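In: following is a predicted model, sequence given first.
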Amino acid sequence: MKKTLKHHLKYLLPVGVKKLIKYTLYSIQDFSNWIRRKKLNGYPPKRLNFVGNSSFKAVGDEFFGYFKGIGQLKKSDIVLDVGSGIGRMAIPLTHYLTEGELYGFDIYKKGVKWCQKNISPKFPNFNFEYVDLYNKYYNKKGKIKAEDFEFPYEDNKFDFIYATSVFTHMLPEEVKQYFSEIKRVLKKDGRCLLTFFGINENKKILIENGYSKCDFKYEFSKNCFYSHKNVPEAETAYSEEWIIKQFEKIECQSPKIYNGSWSGQKDSYSYQDIFIGTNK
């Protein structure tokens, strides 16, 4: 499969340069939308979007469907949004969780402030918190190590926990700590929906033959791989077997896996792979 120029530039350009280009282009689009009065009410300006290049609203609506469908989210659930960002997943839930609550935390201060200012006043059952975690890609000046971080919530609090595009930017010890915390705060029979880049033998072949949108040519450890030479956290993958073991360690049933299109696999569900587990 012939790779596009866009694919090559994805790994040739330094991460900092790509971020600057993205912010500049999105700022221009924000200004254009303001001039043409096409700003989407209830949604943040595009320049604040730091996760992916897909449509902010479309991805949020897509996962809202997954939460209700394959995640069995109920209107009365107490929900934890791990890596809540600027509310991409939370906004579609504001009119659904009428009897429940949502708690979110993130390392992106501007995103948390936007959610606190624009979501919580209208929906007091939606709560957002900034955590100064270190991440080489998202928060280089962070003071708290993710592998030591304890979620700021009591035990057995949540019915439903989700983390989208979070573990795709974290290293093994950090992921293990988050799984440990998910176990602690998840109720009996609670569900968790987590996205990963999960690699199995079939996906290895697709990557090697150029069908994948991600390279993952560098090895961080036996079960962890990354694409950007100097910033592993920019795009991180794990062996599918290792991910399943993390679910087993926190006493979740073997997760149901919905394969993503990132690898070039035809029978795909979303872009990243979705893993859903239930607390035993």
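Out: Done, it's in. Numbering: from 1, shown residues only.

In: how about the CA coordinates for stretch 164-178, as PDB?
Out: Included here for stretch 164-178 are C-alpha records, laid out as PDB according to Å, rounded to 0.1, in the frame of the first residue of the first chain:
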ATOM      1  CA  THR A 164     -10.800   7.700  25.100                       C
ATOM      2  CA  SER A 165      -7.500   8.600  23.500                       C
ATOM      3  CA  VAL A 166      -5.800   8.400  26.900                       C
ATOM      4  CA  PHE A 167      -3.900   5.100  27.100                       C
ATOM      5  CA  THR A 168      -2.700   5.900  23.500                       C
ATOM      6  CA  HIS A 169      -0.500   8.500  25.100                       C
ATOM      7  CA  MET A 170       0.800   6.700  28.200                       C
ATOM      8  CA  LEU A 171       3.600   4.400  29.100                       C
ATOM      9  CA  PRO A 172       3.300   1.000  30.700                       C
ATOM     10  CA  GLU A 173       3.700   1.800  34.400                       C
ATOM     11  CA  GLU A 174       1.400   4.700  34.100                       C
ATOM     12  CA  VAL A 175      -1.300   2.500  32.400                       C
ATOM     13  CA  LYS A 176      -0.900   0.000  35.200                       C
ATOM     14  CA  GLN A 177      -1.500   2.600  37.800                       C
ATOM     15  CA  TYR A 178      -4.600   3.900  36.000                       C
END
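
In: got the contact list for that stretch?
Out: Contact with stretch 164-178 is made by 51-52, 63, 82-83, 88-89, 135, 137-138, 146-149, 163, 193-197, 220-221, 223-224, 232-238, 246, 249, 272, as judged by C-beta atoms under 8 Å, 6 or more residues apart in numbering. C-beta coordinates here come from the backbone N, C-alpha and C atoms, glycine included.

In: and it, how far out from the chain's middle?
Out: With C-alpha atoms, centre = their mean, to the nearest Å as the basis, stretch 164-178 stands 10 Å off its chain's centre.

In: buried residues, it. List them.
Out: By neighbour count, with 16 or more other C-beta atoms under 10 Å as the criterion, the buried positions of stretch 164-178 are 164-172, 174-175, 177-178.

In: pick the one among these closest to I205.
Out: Nearest to I205 out of these is T168 (C-beta to C-beta; 20.8 Å).

In: average pLDDT across stretch 157-164?
Out: Stretch 157-164 shows an average pLDDT of 98 in the prediction.
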